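**Student:** Test case, fold it:
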Amino acid sequence: MAFLSGAPHRSNTQIRLSGYKDALAEAGIPFDAELIRCKEFQHRFGHQATLDLLDRTDFSAICCMNDMLAIGAMVALRERGRRVPEDCAVIGFDNIYLSPLLEHPLSTVDRRIAHSGRVATNALIDFLDNPDRKGDAITIMPTVVSRTTT
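**Tutor:** Numbering: from 1, shown residues only. Purely as a prediction, here's the structure:
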């Protein structure tokens, strides 16, 4: 499984790459650094990185750390005659508005951004109303949205 993400020095890239490595280990799949491409969170990088991966190695899935990378990856796969998901599964991250509208609706991880915004706003209001009260940690779990690319 290939992994595409943004700038390697960014903390979110490091956290997601660590999760990718953990998931591989849990599944008994050896980590292969040749399948990792980290540069930017743009569709053009997803496209270019996937073409590069196709030239260098073989893989049956791509885990993209945002939906735009996944869209670029799917274009590259189509250009090279690879079928999604029959030849290569693709999953994104963010569940952007385009994801269900694609020729192959994109499977993705939904971070529930609108819900997160409401929770954060309520926490801020609570803090402003009660500045001496210690706030509780809030965890908002993402959900997997399974569509036709996996």
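**Student:** okay, now Ala76: neighbour count?
**Tutor:** Residues lying near Ala76 (other Cβ atoms under 10 Å) number 20. Quick note: C-beta positions are derived from backbone N, CA and C, even for glycine.
**Student:** Now it. Nearest residue, chain neighbours left out?
**Tutor:** Ranked by Cβ to Cβ, 6 or more residues apart in numbering and with sequence neighbours excluded, the top spatial neighbour of Ala76 is Thr50, at 3.7 Å.
**Student:** which stretch of helix or strand covers the one you found?
**Tutor:** Assigned by DSSP states H and E, Thr50 belongs to helix 43-56.
**Student:** The residue in the chain sticking out farthest from the centre in helix, strand or coil?
**Tutor:** Outermost residue of the chain with respect to the C-alpha centroid, by Cα atoms, centre = their mean, is Asp132; its distance is 38.0 Å. Assigned with DSSP: H, G, I helix; E, B strand; the rest coil, Asp132 falls in the coil class.
**Student:** Ser18 too?
**Tutor:** Assignment for Ser18 (three-state DSSP): helix.
**Student:** about what we covered before: what's the separation between the residue nearest to Ala76 and Ala70?
**Tutor:** To Ala70, Thr50 is 10 Å away according to Cβ to Cβ, to the nearest Å.
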